[in-house]
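Asker: Below is the sequence, then the predicted model.
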Amino acid sequence: MQRIKRDDTVLVTTGKERGKQGQVHKVLPDQRRIVIQGLNMVKRHQRQKDERNPAGIIEKEMPIHVSNVKLICRACEKPTRVRFRVRTDNVKVRVCRSCDQDID
């Protein structure tokens, strides 16, 4: 089970985007990286591949390592680390370390 999932709100803790919040757009678990919507934007020069992908300079989001972000708890609205708990119905859930509430 992953500590950060798609559509979670996270706070960037290091790098040029430090202090900014965003929603997780994509998770790359094999690389331990995430793509945050609207953050870590870079400009890339692109050739035209077909009619849908025109040539030119495009802006796209690049991945950020998972260790450089903290999950924002929905209950207490604070950046927090994540731990896991097994509920009585044998379901493993993510838990906020600050307020001890289930995130999932």
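Answerer: Right, received. Where do you want to start?
Asker: From residue 71, how far out is residue 77?
Answerer: As judged by C-beta to C-beta, to the nearest Å, residue 77 and residue 71 stand 11 Å apart. To be clear about C-beta, it is placed using only N, CA and C from the backbone, and glycine gets the same treatment.
Asker: more neighbours, these two?
Answerer: Neighbours were counted for residue 77 and for residue 71 using other C-beta atoms under 10 Å; residue 71 has more, 23 against 11.
Asker: In contact with the residue nearest to residue 65 when sequence neighbours are not counted: list those residues for me.
Answerer: Nearest residue to residue 65, sequence neighbours excluded (C-beta to C-beta, 6 or more residues apart in numbering): residue 33, at 5.5 Å. By C-beta atoms under 8 Å, 6 or more residues apart in numbering, residue 33 lies in contact with 63-66.
Asker: now do residue 13
Answerer: By C-beta under 8 Å, 6+ apart, the contact set of residue 13 is 68-70, 79.
Asker: Most neighbours among those residues, please name it.
Answerer: Compared across these, residue 69 has the highest neighbour count, 25 neighbours, by other C-beta under 10 Å.
Asker: these two touch, right, it and residue 36?
Answerer: Yes: with contact defined as C-beta atoms under 8 Å, residue 69 and residue 36 form a contacting pair (7.4 Å).
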